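> Here is the input, now give the coordinates:
(one chain, ligands or ions: 1)
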Amino acid sequence: MAAPDVTLTVADQAALDAALAELVADRFASRLHAHDAILWGPDAESEAAKRLSWTTLAESSRPLVAEVEALRAELHERGLDHVVLCGMGGSSLAPEVICAAAGVELTVLDSSQPDMVRTAIADRLERTVVVVSSKSGGTVETDSQRRAYEHAFTEAGLSPADHLVVVTDPGSPLDEQATQAGYRVFHADPEVGGRYSALTAFGLVPSGLAGADIGDLLDEAADATATLFADDAANPALRLGAALGVANRSSVDKLVLLDHDAGTAVAWGVGDWIEQLVAESTGKIGHGILPVVVESSHAVNVEPSTPDSFLAVSGSSDTPTSTSGWAAGVTGGLGAQMLLWEVAVSVAGALIGINPFDQPDVESAKQAARDKLSGGGDNEPGADLVEGPVSAFGTDASSLADAVEQLLAQVDDEHGYLAVQAYLDRWDLSAYAGLREQLARRTGRPVTFGWGPRFLHSTGQYHKGGPATGVFLQLTSDPHEDLAVPGRDFTFGEFIASQAAGDAQVLRDHGRPVLRLHLSDPQAAAAPLRDLLG
Ligand SMILES: O=P(O)(O)OC[C@H]1O[C@](O)(CO)[C@@H](O)[C@@H]1O
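So this is what the prediction gives:
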């Protein structure tokens, strides 16, 4: 696979050249490689000091390759050939992309939606190995998924210890539980944050067990290392990061992410991984870059793009163009592209003036969800409007059409964006993602689409901590059938409802407009909703 490269279209060459000259003079890239934690200023230093080991993973993760290959062979001998990954955000997005790029099957269960959990468990249970991945070991979605699988294996007369593999930081609560239960545990490098962990055990264990060539992935990153950490104005990662930072300073703060092969069988879906890296790393203290993952090169927000959007096309060496005059084509093998984006986001973070290694606003939504679950939060009042299978919450309009119109009218013409947050079964209701384009066409503004609760661990940070330019449309539904979380006093259905309500409350507390549409029957609601929103 070719070395990583970036083809840039630049709106302000002088500003870009000046930023690059400064980065080279400061030896930013080589100091990053050497884990110099002061690069983002004194306020970020203590966090950065324990988050920079990702720059050298191409070497340090190498011993994992043989270990994972041996475990895969052992599992296959025991007839376990279906790999399920339970995890959220940084613990699931990289393996999802790595396996898609490798063309191997990996079931990614990154949801608390009860129908999805039941569907996953009902699929080939006796042939399934479940990788439970959580850096902190305390993420409630992942803990609940683990409990549901343990219960299902036991009920089926199977031993959970034969079917569960755990990836976590040493000493986490999950580490202790898993060791006690006799599970196979892989320790990840604790000095790498979740969204930079693609080349740690978090990315490599599930991907390798599913059959991806993880040795090749590390080779790509190793081969790219000298280029990506060179103090040289031609370094593609420095150029991309500098371009993102300079563009952001001139209010080009949306990043439209297009997979060159989007919509085809060979698409990697790398945009979803970049989305988390960019949004959670940069969206804070009122600053940030909003990633907008689009479906195809003809998608609205690409053709036409808005003047505040930077377009990045992964897998294309063509020189892309955009209305803002800022665009990039990014090429290289997946391992190299991942490292390139990590360096670029670190560079952009320094130019924007934020700490790219914390996520200060994620906890607030988690706390609000916990409060709702334990009954400590405000109870959601009754629906403000009901029309057929759709009920609206958070509006004083007299019809659903007016409620939607009122919400969309709040999307600012110059800087605003709309985020659709669908707390739905993303396997069964994947067509709902089509609402993104429909609403982008209607508003003429950048529109993001996120599945809840998955997006809470990705763009969720930006929506609450980034610039206050977002307007939010939540979609919720009742599951076909609820499911108990074994050993807990709540169900998956109660949990996902609390997550939606908790996040809506935090968004409103931050002054962001939120309209919730609850779908009593999401299949039946699809057509009326398309009419309503289109
Ligand atoms: O791996 P963990 O600790 O379960 O966390 C999952 C995700 O949750 C977050 O901590 C916060 O949403 C992400 O940064 C992280 O990738």
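
> Now tell me what touches the helix or strand of the chain with the lowest mean pLDDT from outside.
Of all helical and strand segments in the chain, the minimum by mean pLDDT, DSSP states H and E falls on helix 362-373, at a mean of 88. Residues outside helix 362-373 that contact it (Cβ atoms under 8 Å, 6 or more residues apart in numbering): 140, 280, 376-377, 456-457, 460-461, 464, 490, 494-495, 497-499, 501-503, 505-506. Where C-beta positions appear, they are placed from N, C-alpha and C, glycine not excepted.

> Kindly recompute the last result at 6 Å.
Residues outside helix 362-373 that contact it (Cβ atoms under 6 Å, 6 or more residues apart in numbering) are 377, 456, 461, 490, 498-499, 501-503, 505-506.

> Quickly check these for the two that are furthest apart.
Pairwise distances across the contacts of helix 362-373 peak at 24.6 Å for Q461 and F490 (criterion: Cβ to Cβ).

> neighbour-wise, which of those two wins?
Neighbours per residue, other Cβ atoms under 10 Å: of Q461 and F490, the larger number sits with Q461, 28 against 15.

> distance of the more buried one from T282?
Separation of Q461 from T282 (Cβ to Cβ, to the nearest Å): 9 Å.

> and the spatially closest residue to P522 that is not a sequence neighbour, what is it in contact with?
Nearest non-adjacent residue to P522, counting by Cβ to Cβ, 6 or more residues apart in numbering: S477, 4.5 Å away. When contacts are counted by Cβ under 6 Å, 6+ apart, S477 is found next to 424, 519, 522.

> L507 belongs to a helix, doesn't it?
Yes. L507: assigned to a helix according to DSSP: H, G, I helix; E, B strand; the rest coil.

> got the residues of the stretch 51-200 of the chain near the ligand?
Residues of the stretch 51-200 of the chain lying near the ligand by Cβ under 6 Å from any ligand atom: 88-91, 134-136, 139, 142, 194-195.

> Narrow those to those that are buried.
88-91, 134-135, 139, 142, 194-195 (16 or more other Cβ atoms under 10 Å).

> Need the max-distance pair from those.
Of all pairs in those, the most separated under Cβ to Cβ is T142 and R195 at 15.5 Å.

> Show me the buried ones among the residues of the stretch 51-200 of the chain next to the ligand that map onto helices.
Members of those lying in helices (criterion: DSSP state H): T142.

> What is the nearest of the buried ones among the residues of the stretch 51-200 of the chain next to the ligand to G315?
R195 (20.8 Å).

> The closest one contacts M88, correct?
No. With contact defined as Cβ atoms under 6 Å, R195 does not reach M88; the gap is 11.2 Å.

> can you give me how far stretch 98-113 is from the chain middle?
Using Cα atoms, centre = their mean, to the nearest Å, the distance from the centre of stretch 98-113 to the centre of the chain it belongs to is 13 Å.

> contacts for it?
In contact with stretch 98-113 (Cβ under 6 Å, 6+ apart) are residues 83-86, 88, 92, 96, 120, 141, 145, 207, 210-212, 268-269, 334, 425, 453-454, 492, 495-496.

> now swap in stretch 420-436 and tell me
Identification of contacts with stretch 420-436 by Cβ under 6 Å, 6+ apart yields 113, 115-116, 447, 449-452, 473-477, 496, 500, 522, 533.

> Go ahead and build a PyMOL selection from the buried members of those residues.
Buried members of the contacts of stretch 420-436, defined by 16+ other Cβ under 10 Å, are picked up in PyMOL with:
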select buried, resi 113+115+116+447+449+450+451+452+473+474+475+476+477+496+500+522+533
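
> number of nearby residues for Q523?
Residues lying near Q523 (other Cβ under 10 Å) number 13.

> Any figure for the gap between it and R195?
Q523 sits 34 Å away from R195, going by Cβ to Cβ.

> circling back: inside strands: which ones of the buried ones among the residues of the stretch 51-200 of the chain next to the ligand?
Among those, DSSP state E puts S134 in strands.

> Can you give me the distance of the nearest residue to T306 once chain neighbours are set aside to the ligand?
For T306, ignoring the flanking residues on the chain, the nearest one in space by Cβ to Cβ, 6+ apart is P446 at 5.9 Å. Taking Cβ to the nearest ligand atom, to the nearest Å as the criterion, P446 is separated from the ligand by 22 Å.

> try A348
Here A348 is placed at a distance of 18 Å from the ligand (Cβ to the nearest ligand atom).

> mind giving me the domain ranges of this structure?
5-53+231-352, 61-217, 362-533 (automatic domain parsing).

> To A224, which of those lies closest?
Closest to A224 of the domains of the chain is domain 5-53+231-352 (Cβ to Cβ; 3.8 Å).

> about what we covered before: which PyMOL command selects the buried ones in the contacts of helix 362-373?
Buried residues among the contacts of helix 362-373 (16+ other Cβ under 10 Å), as a PyMOL selection:
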select buried, resi 377+456+461+498+499+501+502+503+505+506
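
> Residue numbers of the stretch 201-350 of the chain in contact with the ligand?
So the stretch 201-350 of the chain meets the ligand at E280 (Cβ under 6 Å from any ligand atom).

> Any stretches of the stretch 201-350 of the chain with poor pLDDT?
Scanning the stretch 201-350 of the chain for pLDDT under 70 picks out nothing.

> Which residues of the stretch 351-500 of the chain lie near the ligand?
359, 362, 457.
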